[in-house]
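Colleague: turn this into a structure:
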Amino acid sequence: MAEKIKVLMLLDNEFPADNRVEKMILSMQETNISVDLLNCTKVGKPNFEVYKGFNIYRWNLSKILFKFGAASIITPFYFNRWKKEVDILFSKNKYDVIHINDLPLVSVGYYAKQKYGCKLVSDQHEFYSNWINRTSHYNKGLGKIIKALSNWPKYEKKYLNLSDLVVTVSTNLHDIYLKRLGLDANNIIIVPNTPDKSILTANAKNDDLEKYKDDFIIFYGGGIDILRGIDIAIKAMPKILESIPNAKMILAGPVYKGYNPFDTINRLNLEKKVIHVGVLPQLILADYISRADICYHIPPADNEEANNSIATKIYQYGAQSKPIIVSDAKMMHDFVIDNKLGLAIYNNNSEQFADNAIRIYNKDFEFNNEGKSYFWEDTVKPILEWYAKLS
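Modeller: You can find the predicted model right below:
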């Protein structure tokens, strides 16, 4: 049997929390690949842990260094700390591949490639250079200055071209990387953010959900920030409640800095009708989707990232045959409308969101209730095949 491929994976976020990263590692470990994960923590998680059969190494991210993270490509401090941690692990292990999640740490991956002779995989979960320039913290106060000095498109083009493999999440982003960044078509593959088949075991009779048994649930699961259209949906609730008095909106996920949905909730006196349940483990999240009557994802369609990708949550909703309200962001819109999975709103229209929710409540639309099933176990195969060639 061939010797196992040894991979060091980097994640500049908390773990476990990122479901794509967990799915990726578990899929890799089912083949001839051994993975160690290095990530940072702001909440004091243990520096070493064995989790589901793989090693997690963590270093503590101070508040000061966290602030430097936003300015990482114009200040060396954040990247230098990552390089130090990478050096420590390479001194103990011989890794064949360094696998980077998202764009910021790709330069650290290239540092390891040059120093240790390993392969570099740049796993791009989104169109990062387009996304970050629209975030709240990049458009307020000091963030505006950092934004003006940080050339993420240039960084993206340079370091993705220095990678041995680039992974992207959609055909549209694949084409953008080829045409705009000039990547070699042989060095880029597509691995969409699809759910694993465990979502099919979701149990709508979960005890946590019994309190909602008499409610008409409108559900959103994912990051909660200014880029997701959450306020549009919240503002639709008064009109929805006129026709559906037992409607409740449930929001599940982290609330990101710079955005406070509770301001809108409180202003509209919706405290008992719009409920934030926090960050849910994946299996509990699946239970909430199973219980929902409507699911939604309505990011404003004013940017390339939203128009050229399909969020994980759309696949999750579709796999459980839930009616979906989507925005006019092109890829998600076309996927939902063409497959008769739900309805769309246009131009960030709260009135239209309410009208669509009422139409779904009244079953006044054509719906493919068999859903649309794309699962991780199938879509992960291209990267597993790439790794297999290394051995």
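
Colleague: just the helices in the stretch 101-250 of the chain please.
Modeller: In the stretch 101-250 of the chain, the helices defined using DSSP state H, counting those that start in this stretch lie at 106-116, 128-132, 142-149, 152-161, 171-181, 230-243.

Colleague: with respect to S373, which of those lies nearest?
Modeller: Nearest to S373 among those is helix 171-181 (18.4 Å), distances taken as CB to CB. (C-beta placed from N, C-alpha, C; glycine too.)

Colleague: who are the packing partners of the closest one?
Modeller: helix 152-161, strand 165-168, strand 188-190 (3 or more CB pairs under 8 Å, 6 or more residues apart in numbering; DSSP states H and E).

Colleague: I'd like the ones you listed as a markdown table, with mean pLDDT, distance to K113 and mean neighbour count appended.
Modeller: Listed next are the helices and strands packed on helix 171-181 as a markdown table, based on pLDDT from 0 to 100; distance: least, CB to CB, whole Å; neighbours: other CB atoms under 10 Å:
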| stretch | mean pLDDT | distance to K113 | mean neighbour count |
| --- | --- | --- | --- |
| helix 152-161 | 95 | 10 | 17 |
| strand 165-168 | 98 | 12 | 24 |
| strand 188-190 | 98 | 17 | 18 |
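
Colleague: columns distance to Q29 on top of those, output as JSON lines?
Modeller: Formatted as JSON lines, these follow (distance: least, CB to CB, whole Å):
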{"stretch": "helix 152-161", "distance to Q29": "26"}
{"stretch": "strand 165-168", "distance to Q29": "17"}
{"stretch": "strand 188-190", "distance to Q29": "19"}
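
Colleague: ok, which of the ones you listed comes nearest E370?
Modeller: strand 188-190 (24.6 Å).

Colleague: the closest one pairs with which strands, parallel or anti?
Modeller: strand 165-168 (parallel) (DSSP bridges).

Colleague: could I get the CA-only coordinates of the partner strand as PDB?
Modeller: The C-alpha atoms that make up strand 165-168 are tabulated as PDB, following Å, rounded to 0.1, in the frame of the first residue of the first chain:
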ATOM      1  CA  LEU A 165      -4.000  23.600  -7.100                       C
ATOM      2  CA  VAL A 166      -6.800  26.100  -6.700                       C
ATOM      3  CA  VAL A 167     -10.100  24.900  -5.500                       C
ATOM      4  CA  THR A 168     -13.200  27.000  -6.200                       C
END
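
Colleague: pLDDT below threshold where in this protein?
Modeller: Per-residue confidence for the chain (pLDDT under 70) gives these ranges: 1-2, 67-70, 134, 136-139, 141-143.

Colleague: could you chop it up by domain?
Modeller: Domains of the chain are assigned by automatic domain parsing as 5-194+377-390, 197-361.

Colleague: nearest to N368, of these?
Modeller: Per CB to CB, nearest to N368 of the domains of the chain: domain 197-361, 4.0 Å.

Colleague: got the end-to-end distance for the closest one?
Modeller: Distance between the boundary residues of domain 197-361 (CA to CA, to the nearest Å) amounts to 28 Å.

Colleague: just stretch 350-369 next, same as before
Modeller: 25 Å.

Colleague: please, where are all the strands along the protein?
Modeller: When assigned using DSSP state E, the strands of the chain occupy the ranges 5-11, 33-41, 48-51, 54-60, 97-101, 119-123, 165-168, 188-190, 216-221, 247-252, 274-276, 294-297, 324-326, 342-344.

Colleague: what about dumping the CA coordinates of the third one to PDB?
Modeller: In this case it means strand 48-51. Output of strand 48-51 as PDB, limited to C-alpha atoms (Å, rounded to 0.1, in the frame of the first residue of the first chain):
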ATOM      1  CA  PHE A  48      -4.000  20.500  21.000                       C
ATOM      2  CA  GLU A  49      -6.900  18.200  20.500                       C
ATOM      3  CA  VAL A  50      -7.700  15.000  18.700                       C
ATOM      4  CA  TYR A  51     -11.100  15.500  16.900                       C
END
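
Colleague: from here on, count from 147
Modeller: With the count now opening at 147, the last piece we talked about shows up as strand 194-197.

Colleague: list the contacts for I363?
Modeller: Going by CB atoms under 8 Å, 6 or more residues apart in numbering, I363 touches 393-396, 437-440.

Colleague: gap between it and Y197?
Modeller: 32 Å (CB to CB, to the nearest Å).

Colleague: same question for D480.
Modeller: According to CB to CB, D480 and Y197 sit 37 Å apart.

Colleague: same check on I151?
Modeller: In this view, I151 and Y197 are 20 Å apart by CB to CB.

Colleague: more neighbours: which of these two?
Modeller: The residue with more neighbours, out of I151 and Y197, is I151; 19 against 12, by other CB atoms under 10 Å.

Colleague: who does the more buried one bridge with?
Modeller: I179.

Colleague: please name the residues that touch it.
Modeller: For I151, the contacting residues are 178-180, 242-243, 533, 536-537, by CB under 8 Å, 6+ apart.
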